[in-house]
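> Build me a model:
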Amino acid sequence: MKKTIILFAAALAGLNLFSCGSTNSSSSVTEKASVAETSTVASLPVIDKAEIVAEYTDEGDGYMFRLDVEGTIDYWEAEVTAIDCGEKNTFKISTKDYDRNSRYITGGSTITDMSAVVTPYDKDGNAGKPVNIKWDHERKEKTTSTGETTSEPTSKASDENVTLDAIVGQWIYEEQDAGFTDQYVGTPKGCVIVSKDGTYSYNNGASTTTGTVKIAYDEYSNGDKVPYYSFCNDNGEFWIGCYINQNEPDVFYIGNGGMSRLVRDTSGENAQGSERSGDAFVGTWGSGRATMVVEKISNNTFSVFIKWSSSAAESTSWSYDYCNYSPFTGALVCEGGGVCTELKCSEDGNVTETTNYEGSNATFTLDATGKYMTWSDDRETSDEDITFVLFEE
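A predicted model of the protein is given here:
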């Protein structure tokens, strides 16, 4: 269970914007101006409370900082200054395109100071009075995770509604572009598939990791507990987490600040309209004298064996024992596991086996129909990839 520590709060009291002055001949004019000015100022967005929150868990690396803002506002923008390893870093964050008042700032265990200038905005983009806040690092405390949550959550949401259903499916994992200012511009990094049994796989186009998705709870100082999806790999190491109750059903912002997110992938459909998976590669394929057999080993992991016969007595084979399917790229990829072997059979029946090379990288891709597969190996000297045709059963 993760504990959330409130580190600093800047509560803003009501401000006396105008003081009484001496009465003179222009008092009526001054009074009218003051009334008009007061009306204008009162319509501007106002921050009631702003705080920097630090969250520590032994599943992560140091503290995760976020900025929470409350008030009569539509969104806010902040210029944050953090001192990390003695270096001053200044950057901007915003909630304009997030429809919420909390944003992730940064994370790490070497931050010694942090401050922010927060400006509130209304829906028309009118700015209110900026607020300066500073992190009180003297109050920094560490808490550690105690593992899975076993107590009943105190959040208002019913546990009956907290399930894995919303996260099941295929997602694109995106990370926020460094040049972000007022809107989210994500860069795709890989594909995440979450199964109904709570297992997941993540493929970044080069490798695949697998693990489990569980429902965990963020505990706040007021006793509230907020549910989130916790992704841990097969070694039990925490990868990402995203709050369950978010505004967009097909987008899950990750962490407290949403600098990365999961976007539901609806592009992985073939011409017949059904969802393509690695199973589409399974089968026997042919190309001239070459035959290729693809078999499934486990979820998103496959083996490929290719044999080319130059004659009845000579043949060459390529074996790829472990190939990962990437829904992100739609390809089977073997990293450094390819082995090419040459077999020769003499007239007296003796077989000579020679290993031409080992450790090659290979890629297998399907066309739009799913009936043609292209094979490439980085150790082969041919300039052209070989295309195989699926043998119909």
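> Tally up the residues packed near the closest residue to L44 other than its chain neighbours, please.
The spatially closest residue to L44, leaving aside those adjacent along the chain, is G128, at 4.3 Å (CB to CB, 6 or more residues apart in numbering). C-beta here means a position set from N, CA and C on the backbone, and glycine is covered the same way. When neighbours are counted by other CB atoms under 10 Å, G128 registers 20.
> Just read off the phi/psi values of G128.
Phi and psi for G128, reported as degrees, to the nearest 10, are phi -100, psi -170.
> Helix or strand: which one has K196?
Counting by DSSP states H and E, there is no helix or strand that carries K196.
> May I have the residues that are in contact with the residue nearest to it when sequence neighbours are not counted?
Among residues not flanking K196 along the chain, V168 sits closest, at 5.4 Å (CB to CB, 6+ apart). Shown in contact with V168 (CB atoms under 8 Å, 6 or more residues apart in numbering): V194, S195, K196.
> Turn these into CSV, including pLDDT and neighbour count.
Converted to CSV, the contacts of V168 look like this (pLDDT from 0 to 100; neighbours: other CB atoms under 10 Å):
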residue, pLDDT, neighbour count
V194, 91, 22
S195, 89, 13
K196, 87, 9
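> Specify which member of the residues you listed is nearest to R264.
V194 (10.6 Å; CB to CB).
> From C323, how far off is the closest one?
Look at V194 and C323: by CB to CB, to the nearest Å, they are 22 Å apart.
> re the thing from before, tell me the one of the contacts of V168 nearest S309?
Set against S309, the nearest of these by CB to CB is S195 (40.0 Å).
> And for that closest one, nearest residue in space, chain neighbours not counted?
Nearest residue to S195, sequence neighbours excluded (CB to CB, 6+ apart): V168, at 6.9 Å.
> Repeat that for T72.
Once flanking residues are discounted, T72 sits nearest to V46: 5.1 Å by CB to CB, 6+ apart.
> what does M373 give?
That would be F388: by CB to CB, 6+ apart, it lies 4.8 Å from M373.
> And for that neighbour, the neighbour number?
22.
> mind checking which helix or strand it is in?
strand 386-390.
> Now do that strand: which elements does it pack against?
If you count contacts as 3 or more CB pairs under 8 Å, 6 or more residues apart in numbering; DSSP states H and E, strand 386-390 packs onto strand 283-287, strand 290-298, strand 372-377.
> repeat that with 10 Å
If you count contacts as 3 or more CB pairs under 10 Å, 6 or more residues apart in numbering; DSSP states H and E, strand 386-390 packs onto strand 283-287, strand 290-298, strand 301-309, strand 351-366, strand 372-377.
> Now do the buried residues in the first one.
What that stands for is strand 283-287. For strand 283-287, the neighbour count (16 or more other CB atoms under 10 Å) marks G283, W285, S287 as buried.
> do the same with stretch 282-299
Using 16+ other CB under 10 Å as the test for burial, stretch 282-299 gives G283, W285, S287, A290, T291, M292, V294.
> average pLDDT for it?
The average pLDDT within stretch 282-299 is 90.
> follow-up on the earlier one: any chance of the buried residues of strand 283-287 in JSON lines with distance to P227 as columns?
What follows is those, written out as JSON lines (distance: CB to CB, whole Å):
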{"residue": "G283", "distance to P227": "42"}
{"residue": "W285", "distance to P227": "46"}
{"residue": "S287", "distance to P227": "51"}
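> Now flag whichever of those is closest to T210.
For those, the nearest to T210 is G283 (23.9 Å; CB to CB).
> Could you double-check that the closest one lies in contact with M373?
Yes. Using CB atoms under 10 Å, G283 is in contact with M373, at 9.2 Å.
> so what strands line up beside the helix or strand hosting E70?
Assigned by DSSP H and E, E70 belongs to strand 63-72. Sheet pairing of strand 63-72 (DSSP bridges) gives strand 46-56 (antiparallel), strand 102-108 (antiparallel).
> Quick check: buried residues in the longest one?
Residues of strand 46-56 classed as buried under the neighbour-count rule (16+ other CB under 10 Å) are V46, I47, D48, A50, E51, I52, V53, A54, E55, Y56.
> What is the lowest-pLDDT residue among those residues?
Comparing the buried residues of strand 46-56 by pLDDT, Y56 comes last, at 61.
> just to revisit the earlier point, need the residues touching each of G283 and M373.
Residues touching both G283 and M373 by CB atoms under 10 Å, 6 or more residues apart in numbering: M292, V294, F388, L390.
> Report the beta-bridge partner residues of the first one.
For M292, the residues forming beta bridges with it (DSSP bridges) are W285, I306.
> can you pull the contacts of it?
281, 283-286, 304-308, 318, 364, 373, 375, 386, 388-391 are the contacts of M292 under CB under 10 Å, 6+ apart.
> Buried only: go through these for me.
281, 283, 285, 304, 306-308, 318, 364, 373, 375, 386, 388, 390.
> As JSON lines, the residues you listed with distance to C242 would be great.
Listed next are those as JSON lines, based on distance: CB to CB, whole Å:
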{"residue": "F281", "distance to C242": "31"}
{"residue": "G283", "distance to C242": "37"}
{"residue": "W285", "distance to C242": "39"}
{"residue": "V304", "distance to C242": "35"}
{"residue": "I306", "distance to C242": "41"}
{"residue": "K307", "distance to C242": "46"}
{"residue": "W308", "distance to C242": "47"}
{"residue": "W318", "distance to C242": "41"}
{"residue": "F364", "distance to C242": "32"}
{"residue": "M373", "distance to C242": "35"}
{"residue": "W375", "distance to C242": "37"}
{"residue": "I386", "distance to C242": "42"}
{"residue": "F388", "distance to C242": "40"}
{"residue": "L390", "distance to C242": "38"}
